[in-house]
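>>> Task: produce atomic coordinates for the following.
(chains A, B, C and D)
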4 protein chains.
Amino acid sequence: MTKKVNFGIIGAGRIGTVHAEGISTRIATAAVFAISDISPEAAQLCASRLVIPLATRNHRDLLENPAIDAVVICSSTDTHTQFICEAAEAGKHIFCEKPIALDLPAIDKALATVARCSVKLQIGFNRRFDSNFRHIQETVAAGKIGTPHLVRITSRDPAPPPISYIKVSGGIFLDMTIHDFDMARYLIGGEVTELYAAGGVLVDPAIGEAGDIDTAVITLRYTNGAIGIIDNSRKAVYGYDQRAEVFGSAGSIESQNKTPYNTICSTAAGVQGVNPLYFFLERYMDSYAAEMRAFIDCIQNDAPSPVSGLDGRIPVVMGLAAWKSYREQRPVKLSEVAG
Amino acid sequence: MTKKVNFGIIGAGRIGTVHAEGISTRIATAAVFAISDISPEAAQLCASRLVIPLATRNHRDLLENPAIDAVVICSSTDTHTQFICEAAEAGKHIFCEKPIALDLPAIDKALATVARCSVKLQIGFNRRFDSNFRHIQETVAAGKIGTPHLVRITSRDPAPPPISYIKVSGGIFLDMTIHDFDMARYLIGGEVTELYAAGGVLVDPAIGEAGDIDTAVITLRYTNGAIGIIDNSRKAVYGYDQRAEVFGSAGSIESQNKTPYNTICSTAAGVQGVNPLYFFLERYMDSYAAEMRAFIDCIQNDAPSPVSGLDGRIPVVMGLAAWKSYREQRPVKLSEVAG
Amino acid sequence: MTKKVNFGIIGAGRIGTVHAEGISTRIATAAVFAISDISPEAAQLCASRLVIPLATRNHRDLLENPAIDAVVICSSTDTHTQFICEAAEAGKHIFCEKPIALDLPAIDKALATVARCSVKLQIGFNRRFDSNFRHIQETVAAGKIGTPHLVRITSRDPAPPPISYIKVSGGIFLDMTIHDFDMARYLIGGEVTELYAAGGVLVDPAIGEAGDIDTAVITLRYTNGAIGIIDNSRKAVYGYDQRAEVFGSAGSIESQNKTPYNTICSTAAGVQGVNPLYFFLERYMDSYAAEMRAFIDCIQNDAPSPVSGLDGRIPVVMGLAAWKSYREQRPVKLSEVAG
Amino acid sequence: MTKKVNFGIIGAGRIGTVHAEGISTRIATAAVFAISDISPEAAQLCASRLVIPLATRNHRDLLENPAIDAVVICSSTDTHTQFICEAAEAGKHIFCEKPIALDLPAIDKALATVARCSVKLQIGFNRRFDSNFRHIQETVAAGKIGTPHLVRITSRDPAPPPISYIKVSGGIFLDMTIHDFDMARYLIGGEVTELYAAGGVLVDPAIGEAGDIDTAVITLRYTNGAIGIIDNSRKAVYGYDQRAEVFGSAGSIESQNKTPYNTICSTAAGVQGVNPLYFFLERYMDSYAAEMRAFIDCIQNDAPSPVSGLDGRIPVVMGLAAWKSYREQRPVKLSEVAG
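Next up is the predicted model:
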């Protein structure tokens, strides 16, 4: 029998806690050995609740501990590439939340280090492990809808993040659309060469004052001629709206939202269905466990990462291109940005 | 080219007007030549609106007119068998609204007269011509769900009829369930041998005081062992609820309600679909025209009636058996009633 | 009581026949008095079938006939503005199929003639009278989804038209998307200022050889900042795909496809729903009658046309702008085209 | 903080393993301390896999162990009441799988012992903890559909159990419908006074030879006049069909099946949805954990059991009444059976 994979979690914020809890309670083949956070209280709190042996304020304690096989990087985005490099040098396998970074040279340096050190790297594009999107991908890959012609992705959050977050996140194209850029590639297994981004501030003027937009439509051109459309809003009052469709020469496959239950209530006032699951924690909880199982599998079986460093880099390129397109009001080729 | 079929309508009430208008405006192969009603004003009003040449208070004027090929009997139920016999003797083809009558000897006499006079007779079980139920019937007949094991029919009106109607209608099993009894036979092409009726007065005590019930569940046993369930209510506040399912050894085919449009409105208050079409005029308008086209076809091509006199008689037997079962609180075989 | 409106139909092709039949059999307040076609056989065939008194090869016979109140122009697009002018001069009210014309000066001349002669003009954007799209429009107008932020229109044909048609139709943006351009304005009652069209030949190379494309995505910018998306394909193998969504500050309203019946068949092989109605004749038959009723109402009550000449002109501007955008690969303002 | 509840599992078969795994991996407030089975290999296998400290062939080892707070009885039905009595005498709280037993005197003795020993007893009607059925119950309890008039429960298994199981299970009404009898009470919080069971052998003659039936329809009469309908089949080829509806004076609430993902695939061959989750392990896995959390809560907070011993007894009465009704072909009052 294979030995359990021992994890160190770097960052005890919301997503770090999600991964710590997922590994602790939903995955039989791994354990959380340590957790670090620049706030020692946050690390300790999470460690107590989940009975994690070691809590520390210093991520080096994890990297230098020989009991730890792999790290999950859930710290702020500006620390990702540094921690990737350090972890790789320490011989730890690496799971890193998206985006890898907001600048491409830092990303390239990190990916080179990972390659040199021969450790596994998986990027946290968890939606690839959601049963809806996975089923679309499999249906397309099986040829059931023929050659893809159109890809439609609807991705709307229930409420905007705090303005403080928006100021450091890289803006909508790098904190939100980045997931959809990954989906655009994943669903049909194809690469995008050019995009055109339209957008505006329709939800909250404060978002505009922070230099961001809150509503966007991005048109994508794939190498094979297919066309993609992403529509984004930071505020869908009815809940998290996460749907996709691939339309091709032999048909269409589309996903609907997931709901907490499947009921219909009919009264004189109308026929009432169920709102979508509220936000990403509700909607994608299963996919967080599933992506981690896939990462553990790739460590235990020495298999390629299902979401590679390059898979992490390309959506950043797309996000940068989207900003350029939005600002210059013209279609932009990814090659203009990716250098 | 075949000559148009000239119709006389007997009875200018609600359903008589529906048929007059359907033949006049939706059917190219027929025309309404005359209409009669014991209220001459009613006959005249309908004639004016639809440009019908002849309006009269005496149905004999229709029967004696050689220009008329067929009659549509839409008068009150207690006149049906008399008018059937008179029309048959006059050599007119006959379309008669359901139920043929409430007593079996009168029905048998009428059917014998029709047979002797060799005219066509079709009973107004219009739901057989609704696209939903027709598709279920075709799917079952094509063997796609295997051997039928269960038949479920939901049939609920949006609001009860006037108490005055209930007093002469024969009650729920003969004015409302009678359509479902026909559906039960039609959907799987099988005969029922026994039924058990449970029911009560849950909607309006005045219905109980009139000797009727307003809520019912009827269990049916088919000759081949299949089991049927009909549930009825005289008041579904959300609109006319008309659904059916046939479940068999190889699967299930079920129909949902029809709606005036197909939209979904999602707000913070919920995800709102569309109420069913309100009542039978909205829901079954197409089927009224379709049953009449089928009747015209059977006249023009000398084909058997798609809803025969026997098809009209059996649901009456079932209605009488349902009342007996309800009153005696036990399963009743149709043979106990049908003699 | 108001007198019936007497119609002359110019053009006895497919859509001319649809209107002739609709007026003859589904509308009580109008009649078809005459039909013309450059093929006298076509005119005669339609006249015989629908019992239309007059059939002719010369549309002037209609215009000069004082019994005729209004004409329906269903001839080829290149004759529309000429016939509009002639009919207006003859004092006939005018229902004209879309597009009015492919060049703007001719349109402007026709609209000026109509205005001078004070006749009614309605353009054949029938989808405004479809119950789904109408309900979206009403829901948005009632403020139920707040301020519109995004408009999504999916419009895919089941099969491409003949190449001969494509060569004279003005191409996808003027023969197909033109309906969606009208919808884009109608659904939220707003004007578009700029658009970006991406497209390609993915369905059939012969379409490309004819100078057209078969797959397109158009991004629209509204004056109020809202963003629209139209996706088109000339070939959806599963049937006519006609859906729309408006998403706003208080929610979303979307329509699904219409189907001939509403059934679900569950077998070991899957859970099977019903394909959309096959094409526009099946899908929009009710809307053809409804738009004609609206035209008749505006004649009888001297009311403004519900789809004015300007409503017919703007989508042509949008179609021309879409071609310019597609060819120059950049966003194009409508003012660049409309002069 | 409350101390964890230590469990002993009696019976290491399929459902025992489900509970052992659920408590071990999905519930933070409890642990599995020991597992017993008459097959020591089965107990050991489960213990190894889930790292359970103690595996034994003798359930007395669990009852006599002071570290154990509660037992989960998952052994064969004929041992349930004996083990309930022994566990109660040993002061252990008891979670017992359904049915408690097939004979009422044994049940009554067990419930009396539980009452005397003042331990908690919860019966394994897990469906009460399914989000669909819970939402129906809450909607009805909130008065949103008014006074309940009709209750419809569809409950169909994807495939029959082995004939060996059928021979000892008490037959369809006690091994399968028993869950639906519980649902019938739970959904509207009402009691049934009389039932009528129709049924037959339509799926497999071997089931009939074993003395059982495989298809059934049961009509229920509630004390308040409402009417219930349960339809059962041992074989729905499309998967586990678990739906319910409550219809009342102010509307209807119904649940649809749950599926592994929510996609629609449209091709020329049709519009394909997703089959229901295959069987109870897939469909109700969340509800197994939820019922156990509720049991732990009632232990930790000394609260009443959410599914009491009486809640376990009544469905057995209903099952026995259903067999009597089926055999005597007449409606049977529960009082005829319950003594």
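>>> so the residue nearest to A:Gly200 when sequence neighbours are not counted, which of the three states?
The spatially closest residue to A:Gly200, leaving aside those adjacent along the chain, is C:Gly225, at 4.7 Å (C-beta to C-beta, 6 or more residues apart in numbering or on different chains). Glycine gets a C-beta too; all of them are placed from N, C-alpha and C. Secondary structure state of C:Gly225, per DSSP: H, G, I helix; E, B strand; the rest coil, is coil.
>>> quick one: contacts for A:Ile264?
Applying C-beta atoms under 8 Å, 6 or more residues apart in numbering or on different chains, we find A:Ile264 in contact with A:271-273, B:273, D:253-256.
>>> gap between A:Ile10 and A:Cys96?
When C-beta to C-beta, to the nearest Å is the yardstick, A:Ile10 and A:Cys96 sit 9 Å from each other.
>>> ok, now A:Leu54?
Shown here: A:Leu54 relative to A:Cys96, a distance of 21 Å by C-beta to C-beta.
>>> Pick out whichever of these two has more residues nearby.
Set side by side, A:Leu54 and A:Cys96 show unequal neighbour counts under other C-beta atoms under 10 Å in any protein chain shown, the larger going to A:Cys96 at 28 against 17.
>>> all helices in chain A, in order from the N-terminus.
For chain A, the helices defined by DSSP state H occupy A:14-26, A:40-50, A:60-63, A:80-89, A:104-117, A:131-141, A:163-169, A:172-175, A:177-188, A:205-209, A:280-300, A:309-328, A:334-338.
>>> how much does the fourth one deviate in direction from helix A:104-117?
Our comparison of helix A:80-89 with helix A:104-117, counting by axes from the mean of the first three to the mean of the last three C-alpha atoms, to 10 degrees, yields an angle of 10 degrees.
>>> Please put the alpha-carbon coordinates of helix A:80-89 into PDB.
What follows is the C-alpha trace of helix A:80-89 in PDB, where atoms were taken according to Å, rounded to 0.1, in the frame of the first residue of the first chain:
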ATOM      1  CA  HIS A  80       3.400  32.700  -4.800                       C
ATOM      2  CA  THR A  81       6.500  32.600  -7.100                       C
ATOM      3  CA  GLN A  82       8.900  33.100  -4.200                       C
ATOM      4  CA  PHE A  83       7.400  30.200  -2.300                       C
ATOM      5  CA  ILE A  84       7.200  28.000  -5.400                       C
ATOM      6  CA  CYS A  85      11.000  28.500  -5.900                       C
ATOM      7  CA  GLU A  86      11.800  27.900  -2.200                       C
ATOM      8  CA  ALA A  87       9.600  24.800  -2.000                       C
ATOM      9  CA  ALA A  88      11.000  23.400  -5.300                       C
ATOM     10  CA  GLU A  89      14.600  23.900  -4.000                       C
END
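>>> any idea how far that helix is from the chain center?
Mean C-alpha position of helix A:80-89 versus that of the full chain (C-alpha atoms, centre = their mean, to the nearest Å) differs by 19 Å.
>>> Same check on the second one?
Remark: helix A:40-50 is offset 25 Å from the chain centroid, using C-alpha atoms, centre = their mean.
>>> and that helix, what does it pack onto?
When contacts are defined as 3 or more C-beta pairs under 8 Å, 6 or more residues apart in numbering or on different chains; DSSP states H and E, helix A:40-50 packs onto helix A:14-26, strand A:30-36, strand A:54-56.
>>> now do the third one
Packed against helix A:60-63, as judged by 3+ C-beta pairs under 8 Å, 6+ apart, are the following elements: strand A:5-10, strand A:30-36, strand A:54-56, helix A:80-89.
>>> doesn't A:Ala43 make contact with A:Arg57?
Yes. In this structure A:Arg57 lies within contact range of A:Ala43 using C-beta atoms under 8 Å: 6.6 Å.
>>> Compare these two and say which is more crowded by neighbours.
Ranked by neighbour count (other C-beta under 10 Å), A:Arg57 and A:Ala43 place A:Ala43 first, with 25 against 14.
>>> Quickly list what's touching both of A:Ile10 and A:Cys96.
Residues touching both A:Ile10 and A:Cys96 (C-beta under 8 Å, 6+ apart) are A:72-73, A:83.
>>> Just the buried residues out of these, in ChimeraX syntax.
To isolate in ChimeraX the members of those that are buried, counting by 16 or more other C-beta atoms under 10 Å in any protein chain shown, one can use:
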select /A:72,73,83
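>>> List just the nearest of the shared contacts of A:Ile10 and A:Cys96 to chain B.
The closest of the shared contacts of A:Ile10 and A:Cys96 to chain B turns out to be A:Val72 (C-beta to the nearest C-beta; 34.9 Å).
>>> who's in contact with the closest one?
Taking C-beta under 8 Å, 6+ apart as the criterion, A:Val72 is in contact with A:7-10, A:16, A:19-20, A:23, A:95-97, A:292.
>>> at 6 Å what do you get?
Under the criterion of C-beta atoms under 6 Å, 6 or more residues apart in numbering or on different chains, the contact list for A:Val72 reads A:9, A:19, A:95.
>>> from what I can see A:Ala20 touches A:Ile9, true?
Yes. Taking C-beta atoms under 6 Å as the contact criterion, A:Ala20 and A:Ile9 are neighbours in contact, 5.0 Å apart.
>>> Looking at these two, which is more packed in?
Under the neighbour definition other C-beta under 10 Å, A:Ala20 and A:Ile9 were set side by side, and A:Ile9 has more, 31 against 23.
>>> what's the pLDDT at that one?
A:Ile9 is assigned a predicted lDDT (pLDDT) of 97.
>>> right, and it touches A:Ala34 too?
No. A:Ile9 sits out of contact with A:Ala34 when judged by C-beta under 6 Å, with a separation of 7.3 Å.
>>> Near chain D, which residues of the stretch 151-300 of chain A? Just list them.
Taking C-beta under 6 Å from any C-beta of the partner chain, the part of the stretch 151-300 of chain A that reaches chain D is made up of A:250-256, A:258, A:260-267.
>>> Mind giving me the PyMOL select for these, buried ones only?
A single PyMOL command selects the buried members of these (16+ other C-beta under 10 Å):
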select buried, chain A and resi 250+251+252+253+254+255+256+258+262+263+264+265+266+267
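>>> Narrow the residues of the stretch 151-300 of chain A next to chain D to those in strands?
Among these, the residues falling in strands (DSSP state E) are A:251-255, A:263-267.
>>> how about A:Asn126, what does it touch?
A:284, A:287-288, A:291.
>>> Oh, that last question was meant for A:Leu220, not what I typed.
The neighbourhood of A:Leu220, defined by C-beta under 6 Å, 6+ apart, consists of A:184, A:192, A:195, A:228.
>>> so which pair among these is furthest apart in space?
When C-beta to C-beta is used, the two most widely separated members of the contacts of A:Leu220 are A:Ala184 and A:Leu195, lying 9.3 Å apart.
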